[in-house]
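Enquirer: below are the sequence and a predicted model; questions follow.
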Amino acid sequence: MDASGQYSTDIRAEALTLSRGGRIVADGLSLAADPGGAVLLTGRNGAGKTTLLRALSGLLRPEAGTVTFSGAPARQAGPMVTAWLGHADGLKPGETVREAVDFAAALHGRDLVAADSALEALAIDALDERPCGRLSRGQSRRVALARVLLSGRPVWLLDEPAGPLDAAGRDLLAQSVASHRAQGGVVIAATHQPLDWPGAQVMEIGA
Ligand SMILES: Nc1ncnc2c1ncn2[C@@H]1O[C@H](COP(=O)(O)OP(=O)(O)OP(=O)(O)O)[C@@H](O)[C@H]1O
């Protein structure tokens, strides 16, 4: 983020061949997003959406092709510029919502005002004393998303972010994504649900 509070990282993936367990699951995939961009990855179960997200993050090495963030290879830059939301929310059952969110804020050098804002952005401020192990699936997803908001990372990679969210939760997610993009952030999400993110590219995997 620069002095004016804007992100400026772009992502380029070119001619990717991806394999899982020794089997090619996707071939010839390319994708690009400039600051402020969003890409929705769609496609049937097993098409390779999660695999592509992992390759974009730098966690999975492509068999062929390249992923770069503003020109830097993903395996080098990915851990610094991406925030990852997987299928699992990764919350500790005994930790309260407040503890989970405050920890994320501290980890990313954010203050408690930012933590409060993230709780409010996902409308989970009233749940702050509840242990994460006693949340509903949608409430738990909201906490995981609040932690993404606190990451301060320019590129969000979200795997089924709206899976268990209700309509109000999907609206809050859309608003959070819109504010991130307005700051020059990039959001790439795999989804089975139609998500109303204005101007997002839709890329069908395995078509
Ligand atoms: N750890 C693994 N080892 C071997 N094969 C795997 C592994 N994980 C996934 N696969 C295979 O890779 C292919 C792509 O899986 P991936 O999870 O990327 O699909 P997806 O499009 O995200 O699916 P879904 O919509 O069900 O989440 C599938 O055929 C899957 O069986």
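Expert: Everything's here; your move. Residues are numbered from 1 along each chain as shown.
Enquirer: longest helix of this protein, counting residues only.
Expert: As assigned by DSSP state H, the longest helix anywhere in the chain is helix 167-182.
Enquirer: now that helix, how far from the centre of its chain.
Expert: 12 Å (Cα atoms, centre = their mean, to the nearest Å).
Enquirer: what's in contact with that helix?
Expert: By Cβ atoms under 8 Å, 6 or more residues apart in numbering, the residues outside helix 167-182 that reach it are 36-38, 121-123, 138, 141-142, 145, 149, 156, 161-162, 165, 187, 193, 195-198. No exception for glycine: its C-beta is placed from N, CA and C like everyone else's.
Enquirer: tally of neighbours for Trp162?
Expert: Just to correct that, residue 162 is Ala rather than Trp. With neighbours defined by other Cβ atoms under 10 Å, the count for Ala162 comes to 21.
Enquirer: who are the contact partners of it?
Expert: Contacts of Ala162 (Cβ under 8 Å, 6+ apart): Arg141, Gly169, Arg170, Leu173, Thr191, Gln193, Leu195.
Enquirer: wait, is it part of a strand?
Expert: No. In this structure, Ala162 is coil, not part of a strand, as judged by DSSP: H, G, I helix; E, B strand; the rest coil.
Enquirer: how close does it sit to the ligand?
Expert: Distance of Ala162 to the ligand, computed by Cβ to the nearest ligand atom, to the nearest Å: 13 Å.
Enquirer: OK, now which residue of the protein is nearest to the ligand?
Expert: Gly21 (2.7 Å; Cβ to the nearest ligand atom).
Enquirer: and the pLDDT for that residue?
Expert: For Gly21, the pLDDT comes out at 91.
Enquirer: measure it to Leu60 for me?
Expert: 12 Å (Cβ to Cβ, to the nearest Å).
Enquirer: Phe199: how many residues sit nearby?
Expert: Just to correct that, residue 199 is Gly rather than Phe. 9.
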